[in-house]
Structures are given as C-alpha cells and as structure tokens.
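Visitor: give me a 3D structure for the following:
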Amino acid sequence: MDTAWLAQRIADPSARGIAAALTDLIREGTVTAQTRLPTVRGLARELGVSSGTVADAWAELRKHGMIRTERRRGTVVLGPPEVPRPIRYERLGHWGDRLAIDLTIASPDTALLPPLEAALAAAARADGLNDYARATITPRLRAAVEPDWPFHAEGWLAVGGGYEAVQLLCQTAALPGDRIAIEEPTGARLLDILERVGVQIVPVACDEHGPIPGALEKALRARPVAFVYQPRGQSPCGHAVTPARSAELAELLEPAKTLIVEDDGIGELSVSPMVSMGARFPGRTVLVRSYSKSHGPDLRIAVIGGAADAVERVRVLRSFGTGWTSRILQDTLAHLLGDAGVRERVAHAREVYARRRARLAAELAARGVRTGGGDGLVLWVPVHDEPAALVTLAAHGISVAPGSRYVVEPAAAHHLRLATARLTDDPDELSALADVIALAATGGRRLSAAT
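Guide: Residues are numbered from 1 along each chain as shown. Model prediction:
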C-alpha cells in the first residue's frame with residue numbers, strides 16, 4: 001500500500017482516527033485481505049505524528065483481528081473485524097467424535113449432582129417473583145452463603161457463574177492498557193477474558209503452595225490494578241494456598257492499592273480449607289464462589305462478596321444488560337444449600353472427586369510421572385513434548401487439554417491438563433489409562449527434574 005495514498009484518507013491523525021479510517025477502508029473492500037500496510041515510521045512521518053500514535057492504532061486493529069504483523073512481510077490486512085472469540089478456551093480440543101475418553105473439560109459427574117426438582121418447586125413458590133425490582137442477591141441466598149464466608153463482606157451480588165464474575169470484576173477495575181496480575185499457569189478462559197478486556201497481563205509464577213512471594217513482589221512493581229488468583233482447587237495445577245503463604249503474600253500487598261480477586265472456582269468440592277486475604281483487607285478483597293460444579297451447571301450462579309466499591313461497580317455494569325440473576329435460581333441454590341441431604345451428597349461428591357484424582361496421580365507416579373498438587377478436579381501432567389503427547393493420546397482415543405493454553409508466554413517445560421472428575425472407578429481401566437498417559441508423557445524418555 002502506498003503510504004501517501006493511505007495518509008490522504010485519514011482525516012483525523014489520532015490513534016483512534018487512524019484505526020477508524022483503516023477500518024472503513026477494510027469494511028468497504030477498498031483495502032483487501034493480504035494487503036501489506038506501510039511501516040509505522042513511514043505512516044507516522046507522512047501524517048506528522050509520533051510512531052507511538054500509529055503503533056496504538058495498529059494495536060487496536062490487531063485486537064479486533066483485522067491485521068497481523070509478520071516478520072518478513074511486515075503488517076498485513078486479514079479482513080473485516082471479527083467478533084472476539086475465547087481462542088484458548090475454544091481450542092482445548094477438537095478431535096472428532098471417535099475419541100472414547102474425554103479428559104478435556106473439568107465438568108462435574110452428573111451422577112454426583114443433587115436433584116433440582118424439589119428445590120426448583122420451592123423457589124417457584126417464593127414471594128416477590130415477576131417484579132422488575134433488581135435483586136442483587138435474595139435474602140434467602142445471602143442467609144445461606146454468609147455464615148460460611150471467610151470474612152465480613154461489605155457488598156453482595158449473585159451473577160451468572162464464576163467466569164462472568166471474574167470478567168465483570170476485571171472489566172470494572174481496569175481500563176484498556178492497565179495491568180492485572182494473575183497466577184501462572186491459570187485458567188485458559190481467564191487469559192481470554194483479560195485479552196478481551198484489553199489489559200496487560202502480568203504473570204505470577206506458582207509452586208505447590210500457590211503464588212510465589214518473589215514473583216508477586218516483582219509483579220507489584222508494575223503497579224497492577226488487580227491481582228487475581230485461586231486460593232484453593234487451583235486450575236490447572238491443583239494447589240491450595242496455605243495460611244503461611246497467604247500471610248507472606250499479604251505482607252507484599254499491604255502497601256499496594258491493588259484489588260484482590262479470589263476465585264473459589266470449585267467451592268465446596270475443594271478438600272482444602274479456604275484461606276482468604278479478606279480478613280486482613282476487607283475493603284479491597286472480593287471473593288467469587290461458584291456453585292456450578294458442586295450444585296449444578298444449569299443453576300449458572302456464583303456469588304460475589306467483598307469490597308463494597310468493587311461489588312457496586314459490577315452491579316452498575318450489569319444494569320446495562322440482564323440487571324439481576326433470576327430470583328428463582330437464586331432461591332433454588334439457597335434451598336439446596338440449606339438441605340441436609342444435599343450437603344451430604346456434596347460431601348460424598350467431594351470424596352469421590354478427591355479419590356479419582358488421587359488414584360490417577362498415584363498410578364502416574366508409579367510410572368515415573370509426578371503431577372503434584374492435591375486439590376481440584378484436574379491434574380497438571382508434565383510431558384516431554386506437548387504436541388507429540390497430544391497426538392499419542394488422540395491415537396488411543398483420549399482427548400486432553402494442552403498446557404500451552406494456560407500460560408501467557410511459551411513455557412520452558414511442557415504440560416497437559418487432565419480433567420479427573422469423570423474418571424473411571426474401575427482399577428483395571430484406570431491402570432490401562434495411566435499406561436497410555438505415561439507413554440504420551442515420557443515419549444519413551446525419562447522426564448527431567450525440571451519438568
């Protein structure tokens with residue numbers, strides 16, 4: 001593309017104006033796919049602006065999938081803007097219908113979920129239904145969750161699931177270009193969310209006890225507006241933050257003004273006690289607790305409890321859309337939480353999930369593959385070569401999630417994430433499964449200590 005030709009079609013030489021002008025040209029077909037754009041410096045010189053202004057415009061176009069920068073060809077046009085997609089989450093596995101064992105998605109075992117009929121019927125008979133008054137959280141649900149909350153929450157809100165809660169908290173805490181610190185590895189969907197929000201992701205390395213203090217200290221130098229982590233049942237690694245580690249992290253967060261977002265993704269299914277920083281920082285900590293895996297995915301409910309300002313910002317943003325979560329679903333969950341039989345059923349599910357995870361971990365350890373972690377519904381499995389391991393497992397009819405989807409930058413060590421909630425309870429079948437996973441993990445080699 002001729003630099004002068006493009007410059008003549010840009011009336012507003014700001015970053016927003018440059019991006020808007022090129023977007024119009026791409027939409028109307030004047031600029032077609034595979035067109036090579038001028039260099040940042042060349043266009044900046046022609047427009048009489050800084051290179052940073054053009055680079056910001058290119059970044060905006062890149063975010064919407066309209067251009068791509070290639071090493072040799074420079075920056076080329078891909079086409080009209082696309083609907084943003086959760087790329088990492090959507091690519092967790094597309095192996096066709098022939099695979100017999102799906103260990104990709106950490107979904108609950110439906111046989112272990114409590115029945116919903118009685119709870120739904122009771123909730124449908126509640127007073128105050130079909131009223132457009134927006135209920136942040138129903139009195140019954142708040143009364144059911146508040147006694148087990150690990151700190152005094154200033155604000156409460158029921159939303160449509162854990163990831164929606166985390167997305168809304170990040171979206172309302174950060175402006176595009178702000179920084180948010182997250183533990184790494186972390187949830188693939190969380191990485192998709194943060195990229196969509198337009199923030200800079202600051203990774204915090206973890207070990208068996210959660211985020212490493214030194215890594216958090218380094219991340220805080222970037223002045224992130226929020227720190228998002230999972231205190232227990234961490235996905236994908238399965239670690240849980242200990243009281244000692246939490247105290248170390250709190251010391252580092254004390255002088256900062258960073259919002260602390262605690263994602264309790266599996267809630268009552270965790271075998272680890274909840275250790276929250278909310279008791280120390282009630283005015284800047286928000287806990288998100290999801291009930292989808294413990295009480296039913298179709299309830300689509302998570303509860304946000306914590307810092308009043310952060311919760312209120314989420315409430316205001318939701319008022320542009322759904323406004324509130326169905327009172328029927330909220331009180332259905334409240335009924336389940338208050339039912340002694342349901343509590344026993346959830347406790348039984350917790351034991352079953354822990355046993356399935358531990359058995360596969362033990363089988364793999366016996367074959368020289370040590371997974372680490374002791375909580376959650378997944379295993380983080382070290383492998384010699386991720387692509388080769390995926391192919392080996394697929395050839396045996398097994399689908400898993402590639403570990404590269406859970407990190408910001410390519411990691412030195414390769415991993416796979418295996419969902420364990422629906423594993424077989426048959427010892428022989430589990431042994432055969434472990435044989436294949438170990439074969440895929442080692443590729444016939446001994447894994448090094450670094451993995």
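Visitor: please report phi then psi for residue 305.
Guide: phi -140, psi 130 (degrees, to the nearest 10).
Visitor: so what's it up against?
Guide: Each residue near residue 305 by Cβ atoms under 8 Å, 6 or more residues apart in numbering is listed here: 145-146, 149, 153, 155-157, 286-287, 289, 311. Backbone N, C-alpha and C define where each C-beta goes, glycine included.
Visitor: among these, the buried ones, what's the ChimeraX command?
Guide: In ChimeraX, this line selects whichever of the contacts of residue 305 come out buried by 16 or more other Cβ atoms under 10 Å:
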select :145,149,153,155,156,157,286,287,289,311
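Visitor: quick check, nearest of the contacts of residue 305 to residue 438?
Guide: Ranked by distance to residue 438 (Cβ to Cβ), the contacts of residue 305 are led by residue 289 at 35.4 Å.
Visitor: for the closest one, what are its contacts?
Guide: 145, 162, 264, 267, 302-303, 305.
Visitor: count of neighbours near the residue nearest to it when sequence neighbours are not counted?
Guide: Closest residue to residue 289 apart from its sequence neighbours, by Cβ to Cβ, 6 or more residues apart in numbering: residue 264 at 4.4 Å. Using other Cβ atoms under 10 Å, residue 264 has 22 neighbouring residues.
Visitor: could you pull out the strands for the stretch 351-451 of the chain?
Guide: Under the criterion DSSP state E, counting those that start in this stretch, the stretch 351-451 of the chain carries strands at the ranges 378-383, 398-399, 401-402, 414-419.
Visitor: out of these, which gets nearest to residue 440?
Guide: Residue 440 lies closest, by Cβ to Cβ, to one member of these: strand 378-383, at 6.6 Å.
Visitor: and the angle from that closest one to strand 414-419?
Guide: If you take axes from the mean of the first three to the mean of the last three Cα atoms, to 10 degrees, strand 378-383 sits at 150 degrees to strand 414-419.
Visitor: tell me the contacts of residue 7?
Guide: 43, 46-47.
Visitor: residue 263 bridge partners, please.
Guide: Residues in a beta bridge with residue 263, per DSSP bridges, are residue 288.
Visitor: any idea how far residue 52 is from it?
Guide: The gap separating residue 263 from residue 52 is 35 Å, by Cβ to Cβ, to the nearest Å.
Visitor: cool, residue 245 as well?
Guide: According to Cβ to Cβ, residue 245 and residue 52 sit 40 Å apart.
Visitor: buried set for stretch 218-237?
Guide: By neighbour count with 16+ other Cβ under 10 Å, stretch 218-237 contains the buried residues 218-220, 224-237.
Visitor: how far away from the center of its chain is it?
Guide: In terms of Cα atoms, centre = their mean, to the nearest Å, the centre of stretch 218-237 is set 11 Å apart from its chain centre.
Visitor: do stretch 30-38 as well
Guide: In terms of Cα atoms, centre = their mean, the centre of stretch 30-38 is found 35 Å from the chain centre.
Visitor: and what about residue 146, helix, strand or coil?
Guide: Counting by DSSP: H, G, I helix; E, B strand; the rest coil, the backbone at residue 146 sits in helix.
Visitor: hang on, it packs against residue 152?
Guide: No - Residue 146 is beyond contact range of residue 152, at 9.1 Å (criterion: Cβ atoms under 8 Å).
Visitor: what's the closest of the contacts of residue 7 to residue 273?
Guide: residue 43 (56.9 Å).
Visitor: tell me the helix or strand right after the helix or strand hosting the closest one.
Guide: Using DSSP states H and E, residue 43 sits within helix 40-47. As assigned by DSSP H and E, the chain's next helix or strand after helix 40-47 is helix 51-63.
Visitor: shaky segments in this structure?
Guide: 82-99, 444-451 (pLDDT under 70).
Visitor: scan it for its longest helix.
Guide: Ranked by residue count and defined by DSSP state H, the top helix of the chain is helix 340-366.
Visitor: returning to that earlier point: what about residue 245 and residue 52, which has more around it?
Guide: Set residue 245 next to residue 52 and count neighbours by other Cβ under 10 Å: residue 245 wins out with 21 against 11.
Visitor: the more buried one touches residue 206, doesn't it?
Guide: No - the pair residue 245 / residue 206 is not scored as a contact, 10.0 Å apart, by Cβ under 8 Å.
Visitor: now do the strands in the stretch 101-250 of the chain.
Guide: Assigned by DSSP E, counting those that start in this stretch, the stretch 101-250 of the chain shows strands spanning 101-102, 155-159, 179-184, 200-207, 210-211, 226-229.
Visitor: give me the sheet partners of the first one and which way each runs.
Guide: In the sheet, strand 101-102 lines up against strand 398-399 (parallel) (DSSP bridges).
Visitor: cool, and the second one?
Guide: Strand 155-159 has the following strand partners under DSSP bridges: strand 302-306 (antiparallel).
Visitor: centre-most residue in the chain?
Guide: residue 190 (2.6 Å; Cα atoms, centre = their mean).
Visitor: circling back to that earlier point, farthest-separated two in the contacts of residue 289?
Guide: 145 and 162 (13.8 Å).
Visitor: give me the neighbour count for residue 333.
Guide: The number of residues near residue 333, taken as other Cβ under 10 Å, comes to 28.
Visitor: helix, strand or coil for it?
Guide: Under the three-state scheme (three-state DSSP), residue 333 adopts helix.
Visitor: so what's it up against?
Guide: If you count contacts by Cβ under 8 Å, 6+ apart, residue 333 has them with 119, 141, 144, 291, 295, 299, 301.
Visitor: one more time with 6 Å, if that's ok
Guide: 291, 299, 301 (Cβ atoms under 6 Å, 6 or more residues apart in numbering).
Visitor: around residue 143, how many other residues sit close by?
Guide: If you count neighbours by other Cβ under 10 Å, residue 143 ends up with 13.
Visitor: roughly how far apart are the closest residue to it other than its chain neighbours and residue 161?
Guide: Of all residues not flanking residue 143 in the chain, residue 334 sits nearest, at 7.3 Å (Cβ to Cβ, 6+ apart). Look at residue 334 and residue 161: by Cβ to Cβ, they are 17 Å apart.
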